[in-house]
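Visitor: please work out how this folds:
(2 chains)
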Amino acid sequence: MTRIALRGLLARKLRFFLTALAVLLGTTLIAGTYIFTDSINSGFDKIFTASNKGTDASVTAKKTFENSDGTQPVVPASVLEQVRKAPDVETAGGTVFDLATILDKKGKRTGSGGAPSFIGSVAPEARFNAVTYPQGRGPRTDDEAAVDNGTAKKAGFKVGDRICAVAAQPRKCFKLVGVTEIAGVGFGGASTLELTLHAAQRMLDKKGFDQIQAASKPGVSPQKLSDELRASLPASVQVRTGQQEAAKQSADIRDNLGFLKIALLAFAGISLFVGAFLIFNTFSITVAQRSREIALLRTLGASRKQVLRSVILEGLLVGIVGGFLGVALGLGTAAGLKELFKAFGADLPSGGSVLATRTIVLTVAVGAVVSVVSSIAPAIRATRVAPIEALTESAAPVTKAASRRLTISALALLALGVALMCLGLFASLSTNGALSAVGAGAALTFIGVALVSPHLVRPLASAIGGPIERFTGITGRLARENSVRQSGRTAVTAAALMIGVALVTFASIFAAGAKTTIAKAVDQNLRGELVVQASGGNQPFAPGLLQQAARTDGVAAASGVRFSKAKLPGGKTVQVASIEPPTFTKLYDLKLKTGSLGDVRALGDGQALMSKKYAEGNDLDVGATVRATTPSGKRVPLKVTAITDDNGFLSTDLVVSEPVMRRDFGETKDAVGFIGLRPGADAKAVKKQLTALVDREYPGSEVLTDKEFKDSVAGQVDQLLTLIYALLALAIIVSLFGIVNTLVLSVTERTRELGMLRAIGTSRKQVKRMIRWEAVITALIGSILGAVVGVILAVLFTRPLDDFTLSIPIGTLVAVLILGGVAGVFAAILPARRASRLNVLDALAYE
Amino acid sequence: MESIVTTQALVSATDLSRVYGTGEAEVRALDGVSVDFPAGRFTAIMGASGSGKSTLMHVLAGLDRPTSGTVQVDGVELGGLDDKRLTELRREKIGFVFQSFNLLPVLNARENIVLPLSIAGKKGDQEWIDRLIETVGLGDRLSHRPSELSGGQQQRVAVARALVARPAVVFGDEPTGNLDSRSSGEVMNLLRRSVDEFGQTVIMVTHDAGAAAYADRIVVLADGRIVHDGDAGSADDVLDLMKAVA
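Guide: Predicted coordinates:
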């Protein structure tokens, strides 16, 4: 029996190939994701291990909670003196390292898109030094600098050139005295400028250190030294051995990249889910077509169990082959992912591809499981083939109307799916619980729609096929009839495409809504004429920029907003924004639920504004005091003076004044700035002047009009959307293989009909056209279902977001439908060619 | 091409050979067959399995190419035609009736009948179609799909389909092979009437003596050669003939 199953597989190579391909595309992305993230992690591991090599004990600031986007708390300078005085310390030194903007020779920021760049201080002692200098040497005076090899190559810097950077201070230039390399690992697009400690501290505006490295006297173990230091140093610092510190730094990066990994695996999961539809459909069709063969085996004494096993074995083999091929192609995919992320501005370090055993085992196992699970239902159907069917006249399998029971369970599944999604969206579950509920709910919804859709195939095919028929006559007519004669098969094929289309639709609606929402916030809230932000968003910029802008001719006021985080009683971490109270209300129309603008203008020490959402959720009101823990571990009592109701920049749960933000939260850089002009000032001239100021002293930031700012945000949303489209394309490609596979099998099934049609005068072109239209009809059914489901999902998902303006991009939806039809044409190429090349006589004799 | 139409023979084969395989496995399905089929006549081609009768029909209808020799259908030499021309020829000059009916299950009886016209993108002569449908005698079952028709009814639809485009010649490939004797009689009557009433030329391969008796002429093949060519008689005569040549 096993041999028969194997023979069956080998005899139908094309089918096997296409089915394995369905598994392959999903498993490739899984393997690629693991190889990609493992390689990045290994690159970082090497860097951190090298940079902590000579360190016996490492002292860093204790983080109260993760605030990765903001300014990190530092170890006070006084701690270094304490460390140096410790009896077992031979030598110790401090370093700083933080985000900065390094400029290329034209004064523009180096690196593409969002690749990060840093300023770091030179190692305080040779023994702590992890950096090597392929050219030149490290900086010795405050006006010298060294830059990493990658940046030097890309921007064309040579020893002796001038190199400039911007951080918490305006632009400053240094003499390039060396080119650095660390552990032989390329940092990708990330740049690091090495300065002396003093210069780096000044540029980054740091009074202390990010890390203190200590080496022990001979005979003292790193562990002993660390224990001793821990006992003598203040509680605000963290002491680790060099090894522990390297492990901690690696773990932090791993956590940061964890999101990326999960996101990529989610897309792989979607592809596999779509692939499962394809496998299910392929096995269903082949079981139906082989029912006579199966019946014959049963008359010859094969048991039901053997039949079941042979079909599942076939599924297992498809899965295993797909899995192994996935691993092989995963190496290429990992490289592709790196390029993809590089294209979107996130270049990650690489020290060669890492193919872990875990990656291979996991990928193959996932491929096998998905494939086996998808083949169970067809396998069970195969066991129901009665031996007598071997003796009856064979004909193309007859359509069985979908049973009522199946329809009812499909509707139940659909209801359960929607209920689960609602549970995830509206009930207050933990983030993980909510995501799992939503994910499982979406999967069930898709399966439910797929099972209900056989009922929709006929009306949809009529609606789509009607116009086609009018133009193409009999070929269109036959295409339509053929697409509905096995409505279950067409439904599953279309449903696979539906999933990808629904997600594309969903993403595009979400993105359009996000853009509209932001544009509305800008229109409603901004009173000033200009907005300042770091080019490309996200990174904060030096506060000196707005101070200088405020002194520029024609400018009435400039006001900066900063962001940080705070931990509130109950352990919840919330976003905190800061404003410059005197100028802020002139430039921003802040909506309040309770309190007056006077309260906002008077916002001072020990005071805060609270969001309506947080206040209502925690039963707080004006007058209440919350104890907030800042990223540096300080506890500050904040008295609520007003309740905000803002959908724009100040939708954070807490708003404090700028001095509080600087002193207590340690955040010294502005995230966004608003500028208002004097009445009668020439807006264009002022903008030009401000732009000149920024280019001269604060390159890497930009001054935008409200409209430009909206476009800039829209551009970022679109960039993210493009990335999502690129990843969803995989799922859509899988579903197109599904159309190819179904059509190839249908063509085989209809061989005799095709022979007859050719015999009575149908041309090859007409046969091709017929298949092509069938593919287009199937693809359009999938696209229409997908667009509808996508719109419904988007409406559902945006319900809980009360600030969200839903806008449906009709143009995109139309484009999706057209592309769906075009995709059908492509999917038809192979099956149409096969159908048109059938030998008429052979086809007529085909059983 | 039209100027060649001078001969009496509507379909003619000259020195046809068809060899399958090579060397040891070589099979000579046709071995120098020359035969003419005049217009308006009903010919039955008979012979045992493997006698080459089906191959002869396939070659005559342009579905198979001879190893050597030539075939002319309605003045057109088939040898030089590519697939596109052959398709056009089949569309315009040839009708088929198959053993296994070969109707499209997704179309109803009427749609199956006019299928060749639809494929050619023609409307057809409505009067002729009505007459044909009347002759076929399906009456109220015209809107039924093939799965709702009996074998005999399906084959009558197939005959009407073969006749609808007024082809020069209708080829039948064991048209009664899947039918009981009563249905066979109905189908053969229909083919006979097409010859008598519409002047249709019909060439039919069969090993059913009863069916062959409806023909005007019987050609018998054995081992790829014609061993008998003469007027048809009653079914019994045909049976005797078959015994004699076997």
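Visitor: would you report the backbone torsion angles of A:Ala92?
Guide: With angles defined as degrees, to the nearest 10, A:Ala92 sits at phi -150, psi 160.
Visitor: list the contacts for it?
Guide: A:Leu80, A:Val83, A:Arg84, A:Pro124, A:Ile212, A:Gln213, A:Ala214, A:Ala215 (Cβ atoms under 8 Å, 6 or more residues apart in numbering or on different chains). C-betas here are computed from N, CA, C, even on glycine.
Visitor: and what of A:Lys687?
Guide: A:Lys687 neighbours (Cβ under 8 Å, 6+ apart): A:Leu530, A:Val703, A:Thr705.
Visitor: least confident pick among the contacts of A:Ala92?
Guide: Among those, A:Pro124 carries the lowest pLDDT, at 88.
Visitor: that one - that's part of a strand, no?
Guide: No - counting by DSSP: H, G, I helix; E, B strand; the rest coil, one finds A:Pro124 to be coil, located in no strand.
Visitor: distance of it from chain B?
Guide: 83 Å (Cβ to the nearest Cβ, to the nearest Å).
Visitor: what about that residue, how many residues nearby?
Guide: Using other Cβ atoms under 10 Å in any protein chain shown, A:Pro124 has 18 other residues around it.
Visitor: so what's it closest to, chain neighbours aside?
Guide: A:Gly93 (2.3 Å; Cβ to Cβ, 6 or more residues apart in numbering or on different chains).
Visitor: how close does that neighbour get to chain B?
Guide: Distance of A:Gly93 to chain B, computed by Cβ to the nearest Cβ: 84 Å.
Visitor: check A:Lys108 too.
Guide: Taking Cβ to the nearest Cβ, one finds A:Lys108 at 62 Å from chain B.
Visitor: what's the answer for A:Leu355, then?
Guide: Per Cβ to the nearest Cβ, A:Leu355 is found 51 Å from chain B.
Visitor: same thing with A:Leu720?
Guide: On the measure of Cβ to the nearest Cβ, A:Leu720 and chain B end up 46 Å apart.
Visitor: same for the strand or helix carrying that residue, what does it pack against?
Guide: Using DSSP states H and E, A:Leu720 falls within helix A:706-749. Contact here means 3 or more Cβ pairs under 8 Å, 6 or more residues apart in numbering or on different chains; DSSP states H and E; on that basis helix A:706-749 packs against helix A:13-51, helix A:242-289, helix A:487-525, strand A:530-534, helix A:764-798, helix A:810-827, helix A:829-836.
Visitor: all helices for chain B, in order.
Guide: B:53-60, B:83-93, B:109-113, B:115-120, B:126-136, B:151-163, B:181-198, B:209-212, B:235-245 (DSSP state H).
Visitor: in JSON lines: those helices, plus mean pLDDT, mean neighbour count and distance to chain A.
Guide: Converted to JSON lines, those look like this (pLDDT from 0 to 100; neighbours: other Cβ atoms under 10 Å in any protein chain shown; distance: least, Cβ to the nearest Cβ, whole Å):
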{"stretch": "helix B:53-60", "mean pLDDT": "92", "mean neighbour count": "24", "distance to chain A": "6"}
{"stretch": "helix B:83-93", "mean pLDDT": "90", "mean neighbour count": "18", "distance to chain A": "3"}
{"stretch": "helix B:109-113", "mean pLDDT": "92", "mean neighbour count": "23", "distance to chain A": "8"}
{"stretch": "helix B:115-120", "mean pLDDT": "90", "mean neighbour count": "22", "distance to chain A": "4"}
{"stretch": "helix B:126-136", "mean pLDDT": "89", "mean neighbour count": "15", "distance to chain A": "15"}
{"stretch": "helix B:151-163", "mean pLDDT": "93", "mean neighbour count": "25", "distance to chain A": "7"}
{"stretch": "helix B:181-198", "mean pLDDT": "92", "mean neighbour count": "17", "distance to chain A": "16"}
{"stretch": "helix B:209-212", "mean pLDDT": "91", "mean neighbour count": "23", "distance to chain A": "20"}
{"stretch": "helix B:235-245", "mean pLDDT": "79", "mean neighbour count": "15", "distance to chain A": "25"}
